[in-house]
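Undergrad: here's a sequence, model it:
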Amino acid sequence: MMPTRTRQWLSNRMSSHLEWPASRVADLKGDTTVSVVLPAKDEQETVGTIVTTIRESLVEQIPVVDEIVVIDSRSTDETAKVAARAGATVYAQDDILSDLPGLWGKGEALWKSLAVTNGDIVVFVDSDIRNFRTHFVTGLVGPLLADPSLAYVKGCYSRPLRQANSYSPFDGGRVTELLARPLLNMCWPELSGFIQPLAGEYAGRRDVLESVPFVCGYGVEFALLVDLAELVGVDRMAQTDLGSREHSHQSTAALGRMAGQILDTAWSRMHRQGIVVPKHPFSRGITQFVQTDSGYESLDWDVQVSERPPMRHVLEERGVPRPRQP
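TA: Next comes the predicted model:
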């Protein structure tokens, strides 16, 4: 059922991280600068290892990365100190563009990173990866350096699911399979070739990333796919197989709230693009239930996501010159 054009895109725009060893990426780099950004909230157990690996292998040994930046999203543990000791430049999320009202969420950290980084290419990497290797960076940067027409590269991988008494090598990414993929196939079939649409590892050219809005919550990856496809076209987007990715998993209830934010994100884009025309305001809350000794207790959550405008607009208003628009 995949559209023929999408099948062709998948065959032309899919690569493996094995094609992009650090030595090859360094040879392609030239004068292009690369920033790696890790959004982090309470990730003291993993962020230091990731930063150290990037610094030792891709800064000191083979010069691929020009700066490593960690955006600390109001951590309550030692995330900021661990990241700084490992060699990252660390910013507190609320200290960036501090004249703006502070918002919450991963997307807010990613958006604000564009105001404090300098790379021509910006790589986003989640800070909870347990089996991090340098190909999580080189596999995303390589295609952008090799093909000037590309604007954005998304990572894909198998996602093992570890639970108390079981291990499944492919059953992670439950929100992807239950919500994101059906939504893309239904409303944006040209994007149905993206294997991990909610993956937190991706890279883009600065001028392009600064030209789209950023959803502040869990819908940021979904929004970027849809908005970048509208801005530059799917033919300027690609994906790289990064192998396997292991990270911490959230509870089913937490995934339900995440799904609500992604649905809110998708709905706003369906509305903007004329895919749906709502006759009445829709609910932006979710009610969940927990069982107690006395029965079932209802819990109400607001899953409406805030959205930041394109960073280009914000910085130009401050008189900061920006790279040319895509």
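Undergrad: and the gap between the most centrally placed residue in the chain and residue 269?
TA: Among the residues of the chain, the smallest C-alpha distance to the mean C-alpha position (C-alpha atoms, centre = their mean) belongs to residue 200, namely 3.6 Å. Here the criterion is C-beta to C-beta, to the nearest Å. By it, residue 200 lies 20 Å from residue 269. Yep, even glycine has a C-beta here, placed from its N, CA and C like the rest.
Undergrad: and the strands in the stretch 51-200 of the chain?
TA: Along the stretch 51-200 of the chain, counting by DSSP state E, counting those that start in this stretch, strands occupy 67-72, 89-92, 121-124, 152-158, 161-163, 166-168.
Undergrad: okay if I get those strands as a markdown table plus mean pLDDT?
TA: Formatted as a markdown table, those follow (pLDDT from 0 to 100):
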| stretch | mean pLDDT |
| --- | --- |
| strand 67-72 | 98 |
| strand 89-92 | 98 |
| strand 121-124 | 98 |
| strand 152-158 | 95 |
| strand 161-163 | 59 |
| strand 166-168 | 52 |
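Undergrad: for those strands, which one sits closest to residue 318?
TA: Nearest to residue 318, of all the strands of the stretch 51-200 of the chain, is strand 89-92, at 17.1 Å by C-beta to C-beta.
Undergrad: what's in contact with that closest one?
TA: Residues from elsewhere that reach strand 89-92 (C-beta atoms under 8 Å, 6 or more residues apart in numbering): 67-72, 74, 80, 83-84, 112-113, 116.
Undergrad: repeat that for 6 Å
TA: Judged by C-beta atoms under 6 Å, 6 or more residues apart in numbering, the contacts made with strand 89-92 from elsewhere in the structure are 69-72, 80, 83-84, 116.
Undergrad: and for stretch 23-43?
TA: Stretch 23-43 is touched from outside by 47, 54, 62-73, 75, 77, 79, 106, 109-110, 113, 117, 119-125, 127-128, 137-138, 141-142, 145-146, with contacts defined as C-beta under 6 Å, 6+ apart.
Undergrad: what is the longest helix belonging to the chain packed up against?
TA: If each helix of the chain is counted by residues according to DSSP state H, the longest one is helix 252-272. In this structure, helix 252-272 makes packing contacts with helix 174-175, helix 220-232, judged by 3 or more C-beta pairs under 6 Å, 6 or more residues apart in numbering; DSSP states H and E.
Undergrad: ranking those by burial, who's on top?
TA: Most buried of those by mean neighbour count (mean count of other C-beta atoms under 10 Å) is helix 220-232; its value is a mean of 22.
Undergrad: give the buried residues for the helix or strand following it.
TA: Moving toward the C-terminus from helix 220-232, the first helix or strand encountered (DSSP states H and E) is strand 237-244. Within strand 237-244, the residues that qualify as buried are 237-243, counting by 16 or more other C-beta atoms under 10 Å.
Undergrad: about what we covered before: check contacts around the residue nearest to the centre of the chain.
TA: Taking C-beta under 6 Å, 6+ apart as the contact definition, residue 200 lies against residue 126.
Undergrad: mind checking the backbone torsions on it?
TA: Main-chain dihedrals, residue 200, degrees, to the nearest 10: phi -90, psi 0.
Undergrad: from now on call the first residue 24
TA: Happy to do that; since the first residue is 24 now, the last one works out to residue 223.
Undergrad: ok, now how distant is it from residue 44?
TA: As it turns out, when the distance is counted by C-beta to C-beta, residue 223 lies 23 Å from residue 44.
Undergrad: is it correct that residue 208 is in contact with residue 215?
TA: Yes - Residue 208 is in contact with residue 215 according to C-beta atoms under 6 Å; the separation is 4.8 Å.
Undergrad: where does pLDDT dip in the stretch 174-323 of the chain?
TA: Segments of the stretch 174-323 of the chain classed as low confidence (criterion: pLDDT under 70) are 182-196, 270-273.
Undergrad: rewinding a little: sort out which of the contacts of stretch 46-66 are buried, if you could.
TA: Looking at the contacts of stretch 46-66 with 16+ other C-beta under 10 Å, the buried ones turn out to be 70, 77, 85, 87-96, 98, 102, 129, 132-133, 136, 140, 142-148, 150-151, 160-161, 164-165, 168.
Undergrad: which of the residues you listed fall within helices?
TA: 70, 77, 102, 129, 132-133, 136, 160-161, 164-165, 168.
Undergrad: and the furthest pair within the residues you listed?
TA: For these, and using C-beta to C-beta, no pair is farther apart than 102 and 168, which are 30.5 Å apart.
Undergrad: which SSE is residue 306 in?
TA: Following DSSP H and E, there is no helix or strand that holds residue 306.
Undergrad: how close does residue 171 sit to residue 53?
TA: When C-beta to C-beta is the yardstick, residue 171 and residue 53 sit 11 Å from each other.
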